[in-house]
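1. okay, predicted coordinates and the sequence, questions at the end:
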Amino acid sequence: MKIGQLAALTGVSVRVLRHYEAQSLIRSERDANGYREYPSEVIEIVKVIRTLLHCGFSTRHLREIPLCIRGRIDGSPEAGSWGRARAISRFKRSRIESRCI
């Protein structure tokens, strides 16, 4: 699917999708004419990214756990990525809790 279709299906702007790609959070192939072509599973990956960003994660954190994000979609996470995701989650939780006290 083209970037405009992905934007429409996810509610995320084309500009933001390009940013995610620049941050290596999503990937596309290039057609012969240079247009980006995204596989259908990127829809779910973008939804996970949006959820995690809403929860307070940064794109830097998400770059550190991309296998965890993809594993949520295709069911094949690597063990190390889940450990890293848990560590980042604990860190974020403690920061959020410290602000609420």
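-> Okay, I see it. Numbers count the residues shown, from 1 in each chain.

2. measure L52 to K2 for me?
-> Separation of L52 from K2 (Cβ to Cβ, to the nearest Å): 25 Å. Any C-beta I mention is one placed from the backbone N, CA and C, and that applies to glycine too.

3. these two: which is more packed in?
-> L52 (23 against 14; other Cβ atoms under 10 Å).

4. so S89 lies in a helix, does it not?
-> Yes: counting by DSSP: H, G, I helix; E, B strand; the rest coil, S89 falls inside a helix.

5. measure it to S40 for me?
-> 28 Å.

6. nearest residue to the residue nearest the centre of the chain in space, please, no chain neighbours.
-> Per Cα atoms, centre = their mean, the C-alpha nearest to the average position across the chain is that of I49, at 3.3 Å. Among residues not flanking I49 along the chain, L25 sits closest, at 5.7 Å (Cβ to Cβ, 6 or more residues apart in numbering).
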